[in-house]
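Q: I'd like to go over a predicted model; first the sequence, then the structure.
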Amino acid sequence: MINGLISLFLPGFPTAVVYMLQSTEYQIGPYLNWFWHTKNFSKVMQRRTLDQTRSAKLLLIVLRLGIMLQIVIGLSLVYLGLFHGLIGGVAFGFSVIIISPILWAHLIVIPLVLGRIFISVPANKRQIMASEAIFRNHPAIKIAVVGSYGKTTMKELLATVLKTGFKVAETPANKNVSVSHAQFAKKLVGDEQLLIIEYGEGAPGDVAKFAQITHPNRAIITGLAPAHLDQYKTLKAAGHDIFSVAEYVPADKLYVNVDSPSVKPFIQPEYQQFSEQGSLGWQTSSIKVDLNGTAFSLKRDKQIMRLHSGLVGKHQVGFLAMVAALGFDLGLSIDQIEAGIAQTKPFEHRMQPYQLSGAWVVDDTYNGNLEGIKAGTQLLNEISAKRKIYVTPGLVDQGEETEKVHLEVGRLIAKAQPDIVVLMKNSVTNYIQLGLETDGFKGELRIEDQPLEFYTNLKHFVASGDLVVMQNDWTDNYA
């Protein structure tokens, strides 16, 4: 309690406040909720530090000046009360000083709200309306990539392979909302043959809204898993939103990943299906997986593709098969497809293997869903190592499914039989522990209170011959 009170007046308090705003993407509700649940502001930045953007620097200046000005006013009132007989000056002055950090932590949201109402929202609406016309009139084949997980991976795979024979433009990184789509549209030249547009989904109605603006004529659904259930409430609701894209594309141009069991209630006979077994009439065989990548063959009638990707994991085969088969249907040659697949490699923090002190580390810290956990634990089980280590804090935004999902996480980890499990201490740790116990985990369990310290000192934890799989990471606004 005392340490928490002292933290309000430490020099790092303004930085912590701006960090909290930045981490919640300047959303007022989540920021205030985090603020009022924080007991010690000196311990807010456990995993990351403040990104010194122009906005962050400006907010820091305003916050520091505001707090300092209020403290000066408070001291002036105390002075007037002590030496010039101002009635109530001392008490009121100390009150002004004591509330200064809390008051300014709230006042700082006023320019954000005003800026959003009078500047950001109108400007964004204008951009989005302009982009709708650009997408509607663009002659390219427009492919929407939709799903609870794997969207960015699928988009990047499509772009890499299809660029071997076409002029392709794709939305950058994980920029997958309307404003990002509008910024993407502004940069289009007009002679692109294929546009690949990733759709984010954060709340009911998002996917339909994106489709109305971007006018896709094909769509790929990468899978359905518990995600953003704080907004969707149920997996069924998330599924209805994701599959709403079917209203905007021909049924035979909607491709669905049936390796994701949750999509089955939404499948219609006209939809195209793809999986680890194959895609669009092509069948997979001879699958081989190691930490250098994934190899397999695709066969249809007398035609065969021999594919090798730098992506790691058997779960990647369905995506790769889909991309290869679609590329062939669009007109790429087998040689072009094989060359394109050979160029694919792990994306940053998505099943990305690297060596550390003689150990192999698979960094999947961007993963945030149950299907990803299944893929990571499967990989842990498939690859040989002297010692196997699994690291996770669990998953966020699981809503009413939180307990059920994390019991399943624990069971999946136990079935992979790692030697050591490292859990980051938070609100779901007990559920994962119970899942581990339920499936008879016999290895060593470690609970870490300081995630940043653990990740920073990972090289001192591993040894030559180890295999470490790290899945998901929580930002500091989750506890």
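A: Yep, it's here.

Q: what sits against the residue positioned nearest the centre of the chain?
A: The centroid of the chain falls nearest to Y366 when counting by C-alpha atoms, centre = their mean (5.5 Å). If a contact means C-beta atoms under 8 Å, 6 or more residues apart in numbering, then Y366 has 348-350, 472-473 as its contacts. Every residue, glycine included, has its C-beta placed from N, CA and C.

Q: List the residues that contact Y255.
A: Y255 sits in contact with 218-221, 271-274, 279-280, 322, 326, where contact means C-beta under 8 Å, 6+ apart.

Q: If we use 7 Å, what do you get?
A: Going by C-beta atoms under 7 Å, 6 or more residues apart in numbering, Y255 touches 220, 272, 274, 322.

Q: before we move on, the earlier item: which of the contacts of Y366 lies closest to K142?
A: Ranked by distance to K142 (C-beta to C-beta), the contacts of Y366 are led by R350 at 24.5 Å.

Q: Name the nearest residue to the closest one, ignoring sequence neighbours.
A: Using C-beta to C-beta, 6 or more residues apart in numbering and skipping residues adjacent in sequence, the residue nearest R350 is Y366, 5.2 Å away.

Q: Spell out the secondary structure type for the one you found.
A: The three-state label given to Y366 by DSSP: H, G, I helix; E, B strand; the rest coil is coil.

Q: go on, G200?
A: What three-state DSSP gives for G200 is coil.

Q: For R411, give me phi and psi.
A: Torsion angles at R411 (phi, psi; degrees, to the nearest 10) stand at phi -70, psi -40.

Q: where does it land on pLDDT?
A: For R411, the model assigns a pLDDT of 97.

Q: and if you look at the one 3 residues further on?
A: At A414 the predicted local distance difference test score is 97.

Q: tell me what the helix or strand K125 falls within is packed against?
A: Assigned by DSSP states H and E, K125 falls within helix 121-137. Helices and strands touching helix 121-137, by 3 or more C-beta pairs under 7 Å, 6 or more residues apart in numbering; DSSP states H and E, are helix 178-186, helix 206-214.

Q: Any buried residues in the biggest helix by length in the chain, and which?
A: Looking across the chain with DSSP state H, the single longest helix is helix 54-83. By 16 or more other C-beta atoms under 10 Å, the buried positions in helix 54-83 come out as 56, 59-60, 62-64, 66-67, 70-71, 74, 77-78, 80-81.

Q: and stretch 233-246, how far from the chain's centre?
A: Relative to the chain's own centre, stretch 233-246 is displaced by 18 Å; criterion: C-alpha atoms, centre = their mean, to the nearest Å.

Q: what do you get for stretch 203-219?
A: Taking C-alpha atoms, centre = their mean, the mean C-alpha location of stretch 203-219 is offset from the chain mean by 20 Å.

Q: hmm, who's touching it?
A: Residues outside stretch 203-219 that contact it (C-beta under 7 Å, 6+ apart) are 128, 131-132, 135-136, 141-144, 146, 178, 181, 197, 199-201, 231-232, 237, 241-242, 244-245, 248-249, 253-254.

Q: can you confirm Y255 is in a strand?
A: Yes - looking at Y255 with three-state DSSP, it is inside a strand.

Q: Check what pLDDT it gets.
A: You'll see Y255 listed with a pLDDT of 98.

Q: I'd like to know how far it sits from F296.
A: As judged by C-beta to C-beta, to the nearest Å, Y255 and F296 stand 19 Å apart.

Q: now V422
A: According to C-beta to C-beta, V422 and F296 sit 32 Å apart.

Q: Same question for I67.
A: As judged by C-beta to C-beta, I67 and F296 stand 60 Å apart.

Q: do the same with I221
A: In terms of C-beta to C-beta, I221 sits 22 Å off from F296.

Q: So which of those two has more stuff around it?
A: Between I221 and F296, I221 has the larger neighbour count (other C-beta atoms under 10 Å), namely 31 against 24.

Q: quick one, what contacts the more buried one?
A: Each residue near I221 by C-beta under 7 Å, 6+ apart is listed here: 146-147, 242-243, 256-257, 263.

Q: How about T152?
A: By C-beta under 7 Å, 6+ apart, T152 lies in contact with 174, 198, 347.

Q: shouldn't the second one be in contact with N176?
A: Okay, so that is E198. Yes - at 4.2 Å, E198 counts as touching N176 under the criterion of C-beta atoms under 7 Å.

Q: which residues do the two both contact?
A: With C-beta under 7 Å, 6+ apart as the test, E198 and N176 both reach K151.

Q: Give the residue from these two that has the larger number of neighbours.
A: Neighbour comparison, E198 and N176: the larger count goes to E198, with 27 against 23 (by other C-beta under 10 Å).

Q: mind listing what's buried in the helix or strand where I337 lies?
A: Element membership of I337, judged by DSSP H and E, is helix 334-343. Across helix 334-343, burial judged by 16+ other C-beta under 10 Å covers 334, 336-338, 340-342.

Q: Check which residues of the next helix or strand after it are buried.
A: Going down the chain from helix 334-343, the next helix or strand is strand 352-356, by DSSP H and E. Across strand 352-356, burial judged by 16+ other C-beta under 10 Å covers 352-353.

Q: Listing partners with orientation, what would you give for strand 352-356?
A: Applying DSSP bridges, strand 352-356 is found paired with strand 359-364 (antiparallel).

Q: So for the strand it pairs with, mean pLDDT?
A: Strand 359-364 comes out with an average pLDDT of 95.

Q: Thought K163 was touching Q336, still the case?
A: No - the criterion here is C-beta under 7 Å, and Q336 misses it with K163 at 9.6 Å.

Q: show me where pLDDT drops low in the protein?
A: Applying pLDDT under 70 to the chain flags the ranges 228-230, 475-479.

Q: how about a cut-off of 80?
A: Low-confidence segments of the chain (pLDDT under 80): 1, 46-48, 202, 226-233, 367-368, 397, 474-479.

Q: can I see the domain layout of it?
A: Following automatic domain parsing, the chain resolves into domains at 2-107, 136-343, 352-471.

Q: Good, we can wrap up now.
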